[in-house]
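Asker: Here's a sequence, model it:
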Amino acid sequence: MSTIKDVARMAGVGLGTASRVVRGKGSVSQAKMERVQKAIAALGYRPSHAARSLLYGTSRMIGVYIPLLSGTFYTSILQIIDTELRGAGMHMMVAFGVSREDERRQAIDGVNFLIERGCDGVVLFTSPLTEEDLAALGPKRERVVALNDSFDGMPGQCFTVDHKLGGRLAARALLDHAHRDIAVIAGPCTAADNVDRIAGFMDELAGAGIAMDDIWISERDFSSAEGRAAAMELVASGRPFTALFCANDEMALGALSYFHEAGIRVPQDVSVIGYDDAPAAAYSAPRLTSVHIPWREMTRNGIAELLNLCYGFNRPVTRTFPVSVSLRASLAKTAKRRRSPA
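Answerer: Here you go, the predicted model:
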């Protein structure tokens, strides 16, 4: 591959002059500029990643760390990030965990990988990192934003929502539809946002006189397969229930799949409510009622802040994101206590 030195040699100019022409910055005579441009064309020169970093002082690349690449949820998030970065002339590099074992170590390794590859900044999504882990990044922490997470050491760089409120809204939606025999498929207890939404859900039910001991609950891994397995276990238990709350939409879709196969009608026999309001929620059968988390707005504003931090942009940034419930066909009022069809 040709290098900038080859271009300078062929054009008969100094390395600094060739670099200024490639960058499009700095004073260069018209004659020298034309010679450099002809040399670039003749050699087919394209700056490598390392060369671009030297030329521009930045890699123009942002790293993204996500804890586990599974299902469809992160696909839409990554699309939003990529669109925002490409619109600013940047690109992304992604690292992710491979299991729920030792998630913190995987996150530390992933973030270090992104930094070592020259990323100008890093996006953390629902990270298992601690305050101490972020402090260990030193000055690099100033170019990190956290999505769906909060850290006391960098509050202005965190973008999240009130997941306890989200859980409360899910419970209130069921209570407003006269449901009191309720089952729950929760996410992993290691996920802080899951813990918050389940806590808010239980608090709202407790305020309505429904004790936690009266609620069937199963902890799963956020996947559709586990949602389906939990729904199967719930029905087999014979436990009475008229409504099911799933801590994310993917598990809710898995549950809907099993209920359809088992001849359990939604919402005539059982109502189902999910969480996230992922794109697929509006296209399930029946269409899934879900707690709406404004992922697009949260992500876009987090990226705007990171561009400001890394490149001196002055983009407006919002840090408050409302949570609501998208009511669809999977939720209906219950007229009487229904027993599990097991």
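Asker: mean confidence score for stretch 235-251?
Answerer: Averaged across stretch 235-251, pLDDT comes to 97.
Asker: All the helices of the stretch 201-342 of the chain, residue numbers only.
Answerer: 224-237, 249-262, 295-311 (DSSP state H, counting those that start in this stretch).
Asker: and these as CSV, adding mean neighbour count?
Answerer: The C-beta positions use only the backbone N, C-alpha and C, and glycine is treated the same way. Output for the helices of the stretch 201-342 of the chain, formatted as CSV (neighbours: other CB atoms under 10 Å):
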stretch, mean neighbour count
helix 224-237, 20
helix 249-262, 23
helix 295-311, 21
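Asker: nearest to Val13, of the ones you listed?
Answerer: Checking these against Val13 by CB to CB gives helix 295-311 as the closest, at 29.1 Å.
Asker: Distance check, Trp206 against Asn308.
Answerer: I think there's a mix-up here, since residue 206 is Ala and not Trp. 42 Å (CB to CB, to the nearest Å).
Asker: and if you look at Thr289?
Answerer: 37 Å.
Asker: for Val28, same thing?
Answerer: 31 Å.
Asker: What pairs with whichever strand or helix holds Ile185, parallel or antiparallel?
Answerer: Applying DSSP states H and E as the criterion places Ile185 in strand 182-186. Sheet pairing for strand 182-186, assigned by DSSP bridges, gives strand 216-219 (parallel), strand 243-246 (parallel).
Asker: any weak-confidence spans in the stretch 51-200 of the chain?
Answerer: For the stretch 51-200 of the chain, the stretches with pLDDT under 70 are 51-57.
Asker: Where do the helices of it begin and end?
Answerer: For the stretch 51-200 of the chain, the helices defined by DSSP H, counting those that start in this stretch cover 73-87, 103-116, 131-135, 163-176, 192-207.
Asker: can you put those helices in JSON lines and add distance to Lys5?
Answerer: Formatted as JSON lines, the helices of the stretch 51-200 of the chain follow (distance: least, CB to CB, whole Å):
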{"stretch": "helix 73-87", "distance to Lys5": "31"}
{"stretch": "helix 103-116", "distance to Lys5": "26"}
{"stretch": "helix 131-135", "distance to Lys5": "40"}
{"stretch": "helix 163-176", "distance to Lys5": "54"}
{"stretch": "helix 192-207", "distance to Lys5": "51"}
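Asker: Pick the most buried one from the ones you listed.
Answerer: Of all the helices of the stretch 51-200 of the chain, helix 163-176 carries the top mean neighbour count, a mean of 22, counting by mean count of other CB atoms under 10 Å.
Asker: Now do that one: which elements does it pack against?
Answerer: Applying 3 or more CB pairs under 8 Å, 6 or more residues apart in numbering; DSSP states H and E, we find helix 163-176 packed against helix 192-207, strand 243-246, strand 271-276, strand 289-292, strand 324-326.
Asker: tell me the angle of that helix relative to strand 271-276?
Answerer: Helix 163-176 runs at 160 degrees relative to strand 271-276, counting by axes from the mean of the first three to the mean of the last three CA atoms, to 10 degrees.
Asker: OK, contacts around Tyr258?
Answerer: 228, 231-232, 235 (CB atoms under 8 Å, 6 or more residues apart in numbering).
Asker: repeat that with 10 Å
Answerer: Contact analysis of Tyr258 by CB atoms under 10 Å, 6 or more residues apart in numbering lists 227-235, 264.
Asker: Closest one of those residues to Thr3?
Answerer: Of all the contacts of Tyr258, Thr3 sits closest to Gly227, with 53.7 Å by CB to CB.
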